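*Asks:* Model the following, please.
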Amino acid sequence: MKKNLLLAIDVGTGSVRAALIAVTGETVAFSAREHDQIVPQFGWAEQRPASWWEGVVATVRTVLEKTDHGPHRVAGVAACGQMHGTVLIDDDGHLVLDRVPLWNDKRTREIVEDFQRKQDTNTILQIVGNPPTVAFAAFKLMWIKHHEPKAYAAARTLLMPKDYINFRLTGVRSIDVPEASCNYLLDIRKRTWSKEIVDLTGLDLKMLPALKDASDLLGRVTKEAARETGLLEGTPVVAGAGDYPVTLLGSGVTRPGMGSDVTGTSTLITLMVDEPILDPAITNVQGVSGAWGAFTILDAGGDAMRWARRAFHENQYSYERIVELAGAVPAGADRLIFLPYLNGERLAKQSNSRAQFVGLTSGHTAGHLHRAVMEGVAFASRRNMEIMKSRGNKLERLVASGGGAKTRLWLEIKASVYGCPILTPTDPECGVLGCAMLAGVGAGIFSSIDEAVRRLVRYDQEIQPDPSRSERYERMGTFFNRVYWESETYWNEMEGL
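*Replies:* The predicted structure is shown next:
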């Protein structure tokens, strides 16, 4: 039987998804199973790793059963997943905590703040490549050590969500380098765990597993995993990576000069670079191709449009109607500017920043307000890009995905504000496609990551900057930055009102 299918598994925050992808890129079968997020108290977010495995078993069995001779045609398996979820297993491979903190769990805030007060984080930045944040596994481990000492003492190995799935499939304990680059424990120059940082955090170096590249052959499906999933025993499994670098791969954003705009609730802007950008406002992830993804997050990206729809129309207008109103207004919204910091910012000095309209007059209509919101998100993202480009990095073209990529007007605005072409991928399931590409490289279907990208990634549209808008947007972008910096005093004063 010809091995012409690749199995992709995506362990997301809301669901597990599995897909069989032909080696030519077409999706042959797809299945998803939702799982719950547990919120024991404000600021906490947990899930049961057992639920992830149950989802994998159910979805993999489904896609195999939908496909003629499915198990016999699978050339390789790769998983990606939500990053930062902190899974601990003991010597026998059993979970030491039935529920684990996720990427969006903020219980470590005090630990991070204390760490920042006591340590020279600028020096540490040169080693780990990132500023400290509550998401990173290092700080979640510190919390577990302090608050769950028995569980910590029983733990032998730290795994991330997709690594736990890999362990259940193969029995191998490992973390890939892209995932490790975002947990505050990796020496990014040496590509090894940093004993210096591990000692500084008071953690145990022996708990950190072997490191693999994302497309490395990790192991093979065990007899037990084959019985549960329906896969053939011995099917190759590659290391995989976190959902973010895998989504970049699946959208073709792999080489320096390329960028990514993922707009859902937030807007995640990425610029691929040769070396990580060491700046307290920038987060870096090792890409699966070897280049680095430097990125920033605007918490209220798509959520800014959602807020405007609710605040101005009590959700009575459809998004299509809102976009229609915005499209009837000229570029620049007749000198109306919106700062979209509805939820503050994550890493910037101005973490207490606020949203505001500047230049509002009685002549402005609902259409002006909505266009200003869309443009404001673009200006805020442009400001973040400027930090990355100030180090000599270039942005040649950008790939847009997420819900925001479905609104052509917004893409046209962004292309002119960013000053570069914007492409949209034909296959919206970029994470699943990226997994299939890794599986294909690991199984020898593709000779390299570059070949997988050339053969599988396709785009359905390319939007060029509009010269008639770009000049105005350049002036307004500069003004936006001035307003941003000069508002800092007011934001600080508002804290005391």
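*Asks:* what about the stretch 251-400 of the chain, any weak spots by pLDDT?
*Replies:* 347-351 (pLDDT under 70).
*Asks:* residue ranges of the strands in it, please?
*Replies:* In the stretch 251-400 of the chain, the strands defined using DSSP state E, counting those that start in this stretch lie at 258-263, 267-273, 283-286, 292-298, 337-339, 356-358, 397-401.
*Asks:* The fourth one: which residues count as buried?
*Replies:* Residues of strand 292-298 classed as buried by neighbour count (16 or more other CB atoms under 10 Å): 292-298. To be clear about C-beta, it is placed using only N, CA and C from the backbone, and glycine gets the same treatment.
*Asks:* and what of stretch 63-70?
*Replies:* Neighbour count says stretch 63-70 has 63-64, 67, 70 buried, by 16+ other CB under 10 Å.
*Asks:* how about residue 214, secondary structure?
*Replies:* The local conformation at residue 214, judged by DSSP: H, G, I helix; E, B strand; the rest coil, is coil.
*Asks:* begin at 40 from here
*Replies:* OK, 40 is where the count begins now, so the last one is residue 253.
*Asks:* re earlier: okay if I get the buried residues of strand 331-337 as JSON lines plus distance to residue 465?
*Replies:* Compiled in JSON lines, the buried residues of strand 331-337 are given as follows (distance: CB to CB, whole Å):
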{"residue": "331", "distance to residue 465": "26"}
{"residue": "332", "distance to residue 465": "22"}
{"residue": "333", "distance to residue 465": "26"}
{"residue": "334", "distance to residue 465": "23"}
{"residue": "335", "distance to residue 465": "27"}
{"residue": "336", "distance to residue 465": "26"}
{"residue": "337", "distance to residue 465": "26"}
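*Asks:* wouldn't residue 272 be in contact with residue 262 here?
*Replies:* Yes - between residue 272 and residue 262 there is a contact at 5.1 Å, judged by CB atoms under 8 Å.
*Asks:* Compare these two (neighbour count), which wins?
*Replies:* A direct count of neighbours by other CB atoms under 10 Å for residue 272 and residue 262 places residue 272 higher, at 13 against 8.
*Asks:* count of residues packed around residue 101?
*Replies:* Applying other CB under 10 Å, we find 18 residues neighbouring residue 101.
*Asks:* Please name whichever of the strands of the stretch 290-439 of the chain is nearest to residue 152.
*Replies:* strand 322-325 (17.9 Å; CB to CB).
*Asks:* The closest residue to residue 464 other than its chain neighbours: what's it in contact with?
*Replies:* Distance criterion CB to CB, 6 or more residues apart in numbering; nearest residue to residue 464, sequence neighbours excluded, is residue 290 at 5.1 Å. If you count contacts by CB atoms under 8 Å, 6 or more residues apart in numbering, residue 290 has them with 299, 438, 440, 464, 469, 473, 496.
*Asks:* how does it look with 10 Å?
*Replies:* By CB atoms under 10 Å, 6 or more residues apart in numbering, residue 290 lies in contact with 297, 299, 301, 309, 438-440, 444, 462-464, 466-467, 469-470, 472-473, 492, 496, 498.
*Asks:* Can you say which of the strands of the stretch 290-439 of the chain is nearest to residue 227?
*Replies:* strand 322-325 (7.3 Å).
*Asks:* Direction included, what does the closest one pair against?
*Replies:* strand 331-337 (antiparallel) (DSSP bridges).
*Asks:* in stretch 270-284, what counts as buried?
*Replies:* Residues of stretch 270-284 classed as buried by neighbour count (16+ other CB under 10 Å): 270, 274-284.
*Asks:* End to end on that stretch, go ahead and measure it.
*Replies:* This stretch, stretch 270-284, spans 26 Å end to end (CA to CA, to the nearest Å).
*Asks:* Just checking the distance from it to the centre of its chain.
*Replies:* 19 Å (CA atoms, centre = their mean, to the nearest Å).
*Asks:* do the same with stretch 154-168
*Replies:* Centroid separation for stretch 154-168 versus its chain: 23 Å, with CA atoms, centre = their mean.
*Asks:* One more: stretch 173-181?
*Replies:* That offset, for stretch 173-181, works out to 17 Å (CA atoms, centre = their mean).
*Asks:* So what's the model's average confidence on that stretch?
*Replies:* Mean pLDDT, stretch 173-181: 96.
*Asks:* Report the buried residues of that stretch.
*Replies:* 173-181.
*Asks:* what does stretch 495-510 give?
*Replies:* Those would be 495-496, 502, 504, 508-509, for stretch 495-510 by 16+ other CB under 10 Å.
*Asks:* Quick check: the closest residue to residue 409 other than its chain neighbours vs residue 306, distance?
*Replies:* Excluding the flanking residues, the one nearest residue 409 by CB to CB, 6+ apart is residue 365, at 4.2 Å. Going from residue 365 to residue 306 by CB to CB, to the nearest Å gives 17 Å.
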